[in-house]
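# can you look at this prediction? I've put the sequence above it.
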Amino acid sequence: MSDPRTVDELLDSRLMAHLDRLDVVSKKIFAGKIHGERRSRRRGQSVEFADFRNYAHGDDLRFVDWNIYARLDRLFLKMFLEEEDLSLVIAVDASASMDFGTPNKMQYARRLAMALGYIGLVNNNRVSLFSFSDDRIERLTGLRGRRRTREMGQWLLQLQPRGEADFTAACRAIALGGQGRGVLLLISDFLFSDGFEKGLRSVAGRGFDVYALQLLAPDEIDPARHGLLGDLRLVDSESAAEVEVTASSAVVQQYRDRLDAHVASLREYCVRRSIAHQVVETSLQLETLLVDYLRRRGLLA
Amino acid sequence: MMVAPPPIIAVDWIAPVAGAVIAASTIPPLLALYFLRLRRSRRVVAATMHWRRAAEDVRANAPFQRLRLSLLLLLQLLALGLVALAIAQPQVDLGLAGAEKIALLIDRSGSMGAMDGTEATTRLDDAKRQAIDRIRALHGGGLFAGPAPSIMVIAFASEAIVLCPFTDSSAQAIAAIESIEATDELSAIGGGVELARSFAAIGGEDGAASTSVPAVLEVYSDGRIGDLAGLSLRDGERVIFHRIGGEDSPNVGIGAVAVTRLPESPGEVRVFVRVVSWRTSPTKTDLELRVDGRLVAVTPSPVDLGAATQDADTGALLPGQTQAVFPGVQVPAGAVVEVRVTADDLLAADNAARVVAPRLGGLKIALVGRGSFVLRSVIQGMSPASFETFTPEAWNARVAKDPLAPDAFDVVVLEQVTVQSMARGRYLMFGSAPVGTSIVPFGTKEQVVPRSIRSEHPLMQYVNLDDLFVASMTAVAPGSDSDVVVEASEGPMILTLSRGPLTLVYVPFDPIDTEWPFQRSFVNFTANALAWLAAGGLPAADEPLRPGDVAAGRLPAGAQSPRAQFSSGTTAPLSLLEGGRFTLGPLRRAGTATIAWQGGSQTGLSTSIAYAVNMDCQAEGCLDTALGLQLATNSVAAQPSRAASQSVWQWLLLAAALVLLLEWWVWLRRT
């Protein structure tokens, strides 16, 4: 998988044709800021009836149910479910640890975010993009409509992985970002030195329908198979901390056990807080992930 | 007791201490450096938190896992170990670790002249080269070498000679080996082994006290050694057999040659030849007959030779044989008759055999005494050149007038008489005891039978004395210059005496008083005695010698400027002993040796005597090398030639360099 340099390379036309038939599904009904294509618990002007209430002075007479008035001689106002837009927030981990692996995790994250954002834009959802790296949080908010696709792509392309991410601060910023409630997609490897618990806790309690997509490169899952053996001085891509390791089969197996335990703890934490968790190996075809995996998980329909 | 053959691959360390020091001083520091500063390849990973915990977990259970699984460290240790081994200078072959003395016994017998060595050299050349390589390997340790064993060099054939006693000087030992000259003799190692044992017991050239460790005997030979069956190893003694030569070396040679003069035409001889073949398939060969080097006859058609066969009982190889005759060849007296096979083979020394043609006439014989019919008949039956009889008085008068008169005859026969002077001459004496010699009579013995007979003595050839009974015999006591040939309980029955110009065969009884004259053995004995005396108490010149024999004889009175000429073209002056006696040799190569002189009157116009020396093709002609030495109680397998004195330090250094290259390559791949 080559490094995408243009928006067209980030999202090719064949994949776009597949994505045009998909839509983001939220398990919850959220209130949007403008009329969208989704039901809202807020009564509005859609065609779907919701309830009656007594007429009050100043109400729009167009919504008075004149048939009831004829029978009961009392004014009732018809109330309809208002269709609101869906807020789709995509947060991309742009820390240095994402710039690793073959295929590269950052490249995969860009393409995944582009594909999901495109689905949101095509379906008139309000798409917001966040990236967090090196104590910096970048955002691109208020995207709506297919015509914002290129802008979204340009923004994703300019992301440069660097530094050590503060996941907790990033999640708090997203939660308090005023994007409205909606679907939050967290695309990260979740390899944070200070843990992922606080960050997830901050977004889980804000009414987001949260999806944690954990990207792992094949090199990380099975390092011995990819030549990581022998006497090594391993350098942490984020903190530059060094660890001297003799990567014997026993050590590699121990590492894999540790990684599995880490993934299992993340999954358990997510399940407890109604967060969907999906491990994504970057060798997996993006189309397969979207059309197969994420549809089964209920994110796309 | 069977001694296991030496190991096929053993290691002798030239400088073990240096190697151990190098290993001890470098390997531990390498391990320490590895632990202190292990060179690791730097790799960037997404996060190290899982690796850190994994390494800590494993390290807690296996503190040495780093060392155990480091390929680079293993390669470095391997390279260092190889360098240390190279400095220790191992030699693959002999398993002589701790050997203090090594005796190199080099076979120079006739079969070692076979031209099947490497680079078209003889086996002896190969043996000398291997022995020199061995010495250089033992003393080639250089700066790091420990004490090298002392080396002794012995060359052996029919007899063994010490060329260099135990020495620490490799140059001296090598010079001794280079001085070894080829012979055509038989092969006998017993004398060499005894010499090695003796020198090992008395210490080295500096006279130092010997140690209890016996010398290691390294034998460089083709294994065709005649006296192995009588050789036993002593406790702690080791023999290493370096097998020289190929396994299949076909050879054809002359087994024997003899000539007889034709009675009807004394100027001609009939030549009898026995040809032997050691080839494993039938073959043919032409025979050439040469007289004094001149080709006079060739067999009309090639003679057929059968294939060599293996003896069913002993497993020994038996040659194919055939006989041929050259009838009626004109040969002057004293000429050298040579028969040669024309077949090409690897051993040239046995391709020709020679014999000296017997003299035309017989001996000049004088008979002093009663002149009994029996003795006269026997002497006259031998066709002497001249035969004169004397009374004792006439003989005494003649000798009194001319003291050199006995030299006018080849042999003087004294029958029951005592002459006044026996100062010089060659006498066959029956009955009365000689006067003026060391033989002392002390009475008479009756009813005497022989008890001890030296059947190998020339006098006793074809002589059987089993039926001899002597009614009365003069009892004599032999002197220091006497040699008893036949002895009875009562004293000598036949003895010889040799003192200056006097040679005597004495029979202290009268044959007429016995039945001996009527037996064939009396005729044979008389003929033997006359021939032996005529040759000066030595084998007759017309009998071929074997390599290693000494040619000895007597020149006529007045012979001057004697010199020896050899068929190889060399000449050497000859020193005469008392009475014109001479000895020449040992004659170690097959061929002819001619004694030439000036003056002298006894043999008329003849001023030379030729001796033929023929190789024993039956014993030395088989060129198949032995796989081992079959001693009396031990068997010693041949040391594989590939492992003979091979220094391997250079290969170890090469291996170390290759390991370092591999280590460098692995390091590059990891960085």
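It's in.

# tell me the spacing between the closest residue to B:Phe566 other than its chain neighbours and B:Leu289.
Residue nearest to B:Phe566 in three dimensions, not counting chain neighbours: B:Ala593, with 5.4 Å by CB to CB, 6 or more residues apart in numbering or on different chains. All C-beta spots, glycine's among them, are computed from the backbone N, C-alpha and C. Look at B:Ala593 and B:Leu289: by CB to CB, to the nearest Å, they are 21 Å apart.

# next, residue 300: phi, psi?
By default, I'm working from chain A. phi -120, psi 150 (degrees, to the nearest 10).

# ah, no, chain B please
Backbone torsions of B:Pro300, given as degrees, to the nearest 10, read phi -60, psi -30.

# can you give me the neighbour number for it?
By other CB atoms under 10 Å in any protein chain shown, the residues close to B:Pro300 number 7.

# how about the residue positioned nearest the centre of chain A, what does it touch?
Per CA atoms, centre = their mean, the C-alpha nearest to the average position across chain A is that of A:Leu185, at 1.2 Å. By CB atoms under 8 Å, 6 or more residues apart in numbering or on different chains, the contact set of A:Leu185 is A:88-91, A:113, A:116, A:211, A:213, A:299.

# distance check, it against B:Ala324.
The gap separating A:Leu185 from B:Ala324 is 115 Å, by CB to CB.

# re the thing from before, please, which helix or strand holds the residue nearest to B:Phe566?
Assigned by DSSP states H and E, B:Ala593 belongs to strand B:591-598.

# dump that strand to CSV, keeping only the CA atoms.
Coordinates of each C-alpha in strand B:591-598 appear next as CSV, following Å, rounded to 0.1, in the frame of the first residue of the first chain:
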residue,chain,number,x,y,z
GLY,B,591,74.6,-55.5,-10.6
THR,B,592,78.2,-56.5,-11.0
ALA,B,593,81.4,-55.7,-9.1
THR,B,594,84.7,-56.4,-10.7
ILE,B,595,88.0,-56.6,-8.9
ALA,B,596,90.9,-55.8,-11.2
TRP,B,597,94.6,-55.7,-10.5
GLN,B,598,97.9,-55.7,-12.2
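
# who's in contact with that strand?
Residues outside strand B:591-598 that contact it (CB under 8 Å, 6+ apart): B:336, B:354, B:551, B:553, B:555, B:559-568, B:574, B:582, B:584-585, B:587, B:607-613.

# which among these count as buried?
Neighbour-count burial (16 or more other CB atoms under 10 Å in any protein chain shown) applied to the contacts of strand B:591-598 gives B:336, B:354, B:551, B:553, B:555, B:559, B:562, B:564-567, B:574, B:582, B:584-585, B:587, B:607, B:609-613.

# among those residues, which are in strands?
Counting by DSSP state E, the buried ones among the contacts of strand B:591-598 place B:336, B:354, B:551, B:553, B:562, B:564-566, B:582, B:584, B:609-613 in strands.

# what's the most distant pair in the residues you listed?
Distance extremes for those: the farthest pair is B:Arg354 and B:Pro562 at 21.2 Å, using CB to CB.

# how far does stretch B:486-506 sit from its chain's centre?
Mean-position distance between stretch B:486-506 and its chain equals 32 Å (CA atoms, centre = their mean, to the nearest Å).

# mind listing what's buried in it?
Quick answer for stretch B:486-506 (16+ other CB under 10 Å): B:486-488, B:490-499, B:501-506.

# where does pLDDT dip in the stretch 101-250 of chain A?
In the predicted model, the stretch 101-250 of chain A carries no residue with pLDDT under 70.

# for it, which residues are neighbours of chain B?
A:101, A:105, A:189, A:191, A:193, A:217, A:220, A:223, A:228, A:230-239, A:241-246, A:248, A:250 (CB under 8 Å from any CB of the partner chain).

# is it possible to mark the buried ones in these?
The neighbour-count test (16+ other CB under 10 Å) marks A:101, A:105, A:189, A:191, A:193, A:217, A:220, A:223, A:228, A:230-232, A:234-238, A:243, A:245-246, A:248, A:250 as buried among those.

# just the ones in strands from the residues you listed, please.
Short answer: these in strands (DSSP E) are A:230-232, A:234-236, A:243, A:245-246.

# report the two of those separated the most.
A:Gly230 and A:Asp236 (18.8 Å).

# the closest residue to B:Glu415 other than its chain neighbours: neighbour count?
Nearest residue to B:Glu415, sequence neighbours excluded (CB to CB, 6+ apart): B:Gly369, at 3.3 Å. B:Gly369 has 22 neighbouring residues, counting by other CB under 10 Å.

# just the helices in the chain please.
In the absence of a named chain, chain A is used. Shown for chain A, the helices assigned by DSSP state H span residues A:7-10, A:13-19, A:66-72, A:105-122, A:149-157, A:167-175, A:197-204, A:218-221, A:249-272, A:286-288, A:294-296.

# um, chain B though
Along chain B, the stretches classed as helices by DSSP H are B:16-36, B:49-61, B:65-68, B:71-88, B:123-138, B:170-178, B:190-202, B:373-381, B:392-401, B:520-534, B:617-620, B:649-670.

# outline the domain layout of chain B.
For chain B, the structural domains run B:11-91+B:650-670, B:94-248+B:623-644, B:364-534, B:551-613, going by automatic domain parsing.

# can you redo those as TSV with mean pLDDT?
Putting those into TSV (pLDDT from 0 to 100) gives the following:
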stretch	mean pLDDT
domain B:11-91+B:650-670	77
domain B:94-248+B:623-644	81
domain B:364-534	88
domain B:551-613	78
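
# nearest to B:Pro319, of those domains?
domain B:94-248+B:623-644 (11.1 Å).

# residue of chain B nearest chain A, please.
In chain B, no residue comes nearer to chain A than B:Ala54, which is 3.6 Å away by CB to the nearest CB.

# with adjacent residues omitted, what lies nearest to A:Asp23?
Per CB to CB, 6+ apart, closest to A:Asp23 is A:Asn123, 4.7 Å.

# phi and psi next, for the one you found.
Backbone torsions of A:Asn123, given as degrees, to the nearest 10, read phi -100, psi 20.

# the residue nearest to B:Glu237 when sequence neighbours are not counted - how many residues pack around it?
Of all residues not flanking B:Glu237 in the chain, B:Pro214 sits nearest, at 4.7 Å (CB to CB, 6+ apart). For B:Pro214, the tally of surrounding residues (other CB under 10 Å) stands at 21.

# B:Pro214 touches B:Arg197, doesn't it?
Yes: look at B:Pro214 against B:Arg197 with CB atoms under 8 Å: they come within range, at 7.2 Å.

# next, show the common contact partners of these two.
By the contact definition CB under 8 Å, 6+ apart, B:Pro214 and B:Arg197 are jointly contacted by B:Arg234.

# how about the residues of the stretch 301-450 of chain B near chain A?
Contact residues, the stretch 301-450 of chain B versus chain A (CB under 8 Å from any CB): none.

# what segments of the stretch 301-450 of chain B are strands?
Ranges of strands in the stretch 301-450 of chain B, per DSSP state E, counting those that start in this stretch, are B:303-305, B:309-310, B:317-318, B:320-330, B:336-341, B:352-356, B:364-369, B:386-390, B:411-415, B:425-430, B:440-448, B:450-453.

# of these, which is nearest B:Gly293?
strand B:336-341 (7.4 Å).

# tell me how far that closest one is from the chain's mean position?
Centroid separation for strand B:336-341 versus its chain: 24 Å, with CA atoms, centre = their mean.

# just list what that strand packs against, helices and strands only.
The contact analysis (3 or more CB pairs under 8 Å, 6 or more residues apart in numbering or on different chains; DSSP states H and E) places strand B:336-341 against strand B:252-262, strand B:265-277, strand B:287-291, strand B:352-356.

# most centrally placed residue in chain B?
Central residue of chain B (CA atoms, centre = their mean): B:Ala157, 1.9 Å from the mean position.
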